[in-house]
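K.L.:
Just to be clear, the model below is a prediction. Sequence and coordinates:
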Amino acid sequence: MLVPVRPLLLVRPLFPVLGARRVPSTNVPAASHPDAIAATPSTAPSAPLALTDRRPVVPAERLVAEMVPPPRFSDVSFGSYLPDTTQPSQYEAVRVLEEFAASLNGGSTAAKRGWFRRSAPVATGPAGVYLDGGYGVGKTHLLASLWHATPGPKAFGTFVELTNLVGALGFQQAVQTLSGHKLLCIDEFELDDPGDTVLVSTLLGRLVDNGVKLCATSNTLPEKLGEGRFAAADFLREIQGLSAHFRPLRIDGQDYRHRGLPEAPAPYSDETVEAVAARTPGASLDDFDALLGHLAAVHPSRYGAMLDDVTAVCLRGVHQVDDQSTALRLVVLADRMYDRELPITASGVPFDQVFSEEMLRGGYRKKYLRAVSRLVALSRDSAKLS
């Protein structure tokens, strides 16, 4: 049974109750463009499911058990990371993280103390590494590669999932649970909520004191890239006393999700969306408005469980979202769909228009730009469905 969120979390009112995330994804075979799908006979054994019918109940234990890289990064490694040949910082990031992983592997056993023995040498080097760069430069790939290269016990989760864990277990129990780990990887460290930032910074301080090594990522806004103003300074300032423990690594490059790829397909007709859903086993079909309303009744930490056994997402009537709370919930859903590599077939407006210009200039613009990048990538994958 989940413990109610403590006031310390300062959780936004758009989050009703707590829960969790991840299941393995099902890859959809590549095929012809969905425009030709409507004329093809349906092979689906039953009607598509609806996400709006799902209200998953997730025990707190699942939060801990699923602190692993998402399915998209379940088998990545430093060797499978393909640096941009024009970006030396990407090669440097691989080198530094490989050395960091080697230090964690080498320090797995400590010499026993005796009357005539010196104490075991204290591990040198930073307690943490911070990966700082633009969208789609492979930070999560590198973070997951570090996790795979490090012996356990270890944990991997997004910043939001870490706050959910504290809410479910309570602060002291979360400290106790994570203190037994050798490494904690935090993806998408967020600085836009002061309460959550202070909470997680305090948690990380306790973990560092207990010998846990850290690695975190965050995104730098595109307009700051050209100015050479990355987010590292903001990150190190906000985590206050922890800054001395982190080595910041700047990673330059273009968004790999769109590098050299064609533009995302234009939105489809409602009829084509329905045909794709009908012929794709495991696909969901929802009206965009109905789904947005349903998200308000399910805590974002349960969005992953809501996608259990889903192979593709089909949406009718996508439109621009004007409400901030609704938009933030959509961002979390986009992250969970991206984790599971779920292609999106949709009618309405293109996903690069789903957030208003005002939102893209506001305090949550990092979240919105990340979501646009991921939604466009998933909508491009809709061409794989058959």
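P.N.:
Looks like it came in fine.
K.L.:
which phi and psi does residue 246 have?
P.N.:
Note on residue 246: backbone dihedrals following degrees, to the nearest 10 are phi -110, psi 140.
K.L.:
In the helix or strand harbouring residue 291, which residues are buried?
P.N.:
In the assignment (DSSP states H and E), residue 291 maps to helix 288-295. Along helix 288-295, the positions that meet the burial threshold by neighbour count (16 or more other C-beta atoms under 10 Å) are 288, 291, 292, 294, 295. The way it works is simple: take the backbone N, C-alpha and C, and place the C-beta from them, glycine included.
K.L.:
now for it, which elements pack on it?
P.N.:
Using 3 or more C-beta pairs under 8 Å, 6 or more residues apart in numbering; DSSP states H and E as the contact criterion, the elements in contact with helix 288-295 are strand 312-318, helix 324-339.
K.L.:
Just the C-alphas of the longest one, formatted as CSV.
P.N.:
Presented in CSV, the C-alpha positions along helix 324-339 are these (Å, rounded to 0.1, in the frame of the first residue of the first chain):
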residue,chain,number,x,y,z
GLN,A,324,0.0,24.1,-18.3
SER,A,325,-1.0,21.3,-16.0
THR,A,326,-2.4,19.3,-18.9
ALA,A,327,0.7,19.9,-20.9
LEU,A,328,3.0,18.7,-18.1
ARG,A,329,1.1,15.5,-17.8
LEU,A,330,1.4,15.0,-21.6
VAL,A,331,5.2,15.4,-21.2
VAL,A,332,5.4,12.6,-18.7
LEU,A,333,3.3,10.3,-21.0
ALA,A,334,5.5,11.2,-23.9
ASP,A,335,8.6,10.1,-21.8
ARG,A,336,7.0,6.8,-20.9
MET,A,337,5.9,6.1,-24.5
TYR,A,338,9.5,7.0,-25.7
ASP,A,339,11.0,4.6,-23.1
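K.L.:
Could you check the angle the following helix or strand past it makes with helix 324-339?
P.N.:
Toward the C-terminal end, the helix or strand that comes next after helix 324-339 (DSSP H and E) is strand 344-348. What separates the directions of strand 344-348 and helix 324-339 is an angle of 150 degrees, with axes from the mean of the first three to the mean of the last three C-alpha atoms, to 10 degrees.
K.L.:
before we move on, back to that, ok, the buried residues of helix 288-295 vs residue 217, which is closest?
P.N.:
The shortest gap between residue 217 and any of these belongs to residue 295, at 25.0 Å (C-beta to C-beta).
K.L.:
Isn't that closest one up against residue 325?
P.N.:
No. Taking contact to mean C-beta atoms under 8 Å, the distance of 9.7 Å between residue 295 and residue 325 leaves them out of contact.
K.L.:
returning to that earlier point: which of the helices and strands packed on helix 288-295 has the lowest mean pLDDT?
P.N.:
Lowest mean pLDDT within the helices and strands packed on helix 288-295: helix 324-339, a mean of 93.
K.L.:
So which bits of that helix are buried?
P.N.:
Of the residues in helix 324-339, those buried by neighbour count under the rule 16+ other C-beta under 10 Å are 324, 327-339.
K.L.:
which one among those gets closest to residue 366?
P.N.:
Using C-beta to C-beta, residue 331 is the member of the buried residues of helix 324-339 that lies nearest residue 366, at 9.8 Å.
K.L.:
contacting residues for the closest one?
P.N.:
Listed by C-beta atoms under 8 Å, 6 or more residues apart in numbering, the contact set of residue 331 reads 364, 367, 368, 370, 371.
K.L.:
Who are the packing partners of the stretch of helix or strand the fourth one belongs to?
P.N.:
Read that as residue 370. Using DSSP H and E, residue 370 sits in helix 365-380. Other elements packing on helix 365-380 under the criterion 3+ C-beta pairs under 8 Å, 6+ apart are strand 213-219, helix 324-339, strand 344-348, helix 357-360.
K.L.:
Could you check the angle that helix makes with strand 312-318?
P.N.:
Using the same axes, to 10 degrees: helix 365-380 against strand 312-318 is 110 degrees.
K.L.:
can you tell which of the helices and strands packed on helix 365-380 is closest to residue 203?
P.N.:
strand 213-219 (10.5 Å).
K.L.:
what residues does that closest one touch?
P.N.:
97, 100, 104, 127-135, 139-140, 143, 146, 182-191, 204, 207-208, 231, 235, 245-246, 366, 369-370.
K.L.:
Share the number of residues neighbouring the nearest residue to residue 165 once chain neighbours are set aside, please.
P.N.:
The shortest distance from residue 165 to any residue that is not its chain neighbour, by C-beta to C-beta, 6 or more residues apart in numbering, is 5.0 Å, and that residue is residue 63. Residue 63 has 26 neighbours, counted by other C-beta atoms under 10 Å.
K.L.:
Confirm residue 63 sits in a strand?
P.N.:
No. Inclusion of residue 63 in a strand is not indicated when DSSP: H, G, I helix; E, B strand; the rest coil is applied; the result is helix.
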